[in-house]
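Visitor: have a look at this fold, sequence not included:
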């Protein structure tokens, strides 16, 4: 079950006036209820009779980027945090909820064809924290086993291959969901290049860098700009450290 068709149509008509808190328009999508529950992205639950009120309530909350109606009770509305990029709905079975989001479309999904070109080897002992976790479009927060954690080395990194030269406006990275994020997510550079490299990315264009002290669930986004390239590198620019990244989005 979903919201009444008239309400969804009215939201489309009013989209230029009823925007998200950051001014972005709402667009329809479908998300897995089980997936959202497992990664604790549902921040608030409300009973609302239609999608117009749901959009209004989400608009009033600066953290709310997505809202959904329950599959069994369409008046039950879930407000979701920015941790929830719309997941690749083709990858999961029912139940899928009818949702609206102000998030951009993340090009990195399980079906995107984006691959890992090169990476520092996985941390010894962290069996599940492989770099391939970053290319399925899904982050099973708060499990660190759904992150990539490198071994201790000088300037650990990973490189994603987009498959062809593409326009990249922004790359978003997410740190782990606990108090140890500051150990593995700092002094990071994100670059974009046209040719494959491994370890030395000085020929790549710098998209952005982060040198702060992150907290749990910290999200870093490079400044928005129009760039073209095929290979995206993410590198920890210090010696004798481990790099841990839990989710990547490419826009």
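Guide: Done, it's in. As the structure is a computational prediction, the values presented were derived from the model and not from experiment.
Visitor: where does the residue nearest to residue 144 when sequence neighbours are not counted land on pLDDT?
Guide: Spatial nearest neighbour of residue 144, excluding adjacent residues (CB to CB, 6 or more residues apart in numbering): residue 176 at 5.3 Å. Where C-beta positions appear, they are placed from N, C-alpha and C, glycine not excepted. Looking at residue 176, its pLDDT is 91.
Visitor: quick check: residue 134 vs residue 194, distance?
Guide: With distances taken as CB to CB, to the nearest Å, residue 134 is found 21 Å from residue 194.
Visitor: can you give me the helices for the stretch 151-251 of the chain?
Guide: 181-184 (DSSP state H, counting those that start in this stretch).
Visitor: tell me where it has strands.
Guide: Taking DSSP state E, counting those that start in this stretch as the test, the strands found in the stretch 151-251 of the chain are 157-168, 171-174, 188-193, 205-210, 219-221, 227-236, 244-245, 247-250.
Visitor: nearest to residue 63, out of these?
Guide: For the strands of the stretch 151-251 of the chain, proximity to residue 63 was assessed by CB to CB; strand 219-221 is nearest, at 11.4 Å.
Visitor: that closest one: which residues count as buried?
Guide: 220, 221 (16 or more other CB atoms under 10 Å).
Visitor: rounded mean pLDDT for that strand, please.
Guide: Strand 219-221 carries an average pLDDT of 89.
Visitor: show me what it is packed against.
Guide: Secondary-structure packing of strand 219-221 (3 or more CB pairs under 8 Å, 6 or more residues apart in numbering; DSSP states H and E): strand 171-174, strand 205-210.
Visitor: ok, the residue nearest to residue 144 touching residue 247?
Guide: No: using CB atoms under 8 Å, residue 176 is not in contact with residue 247, being 9.7 Å away.
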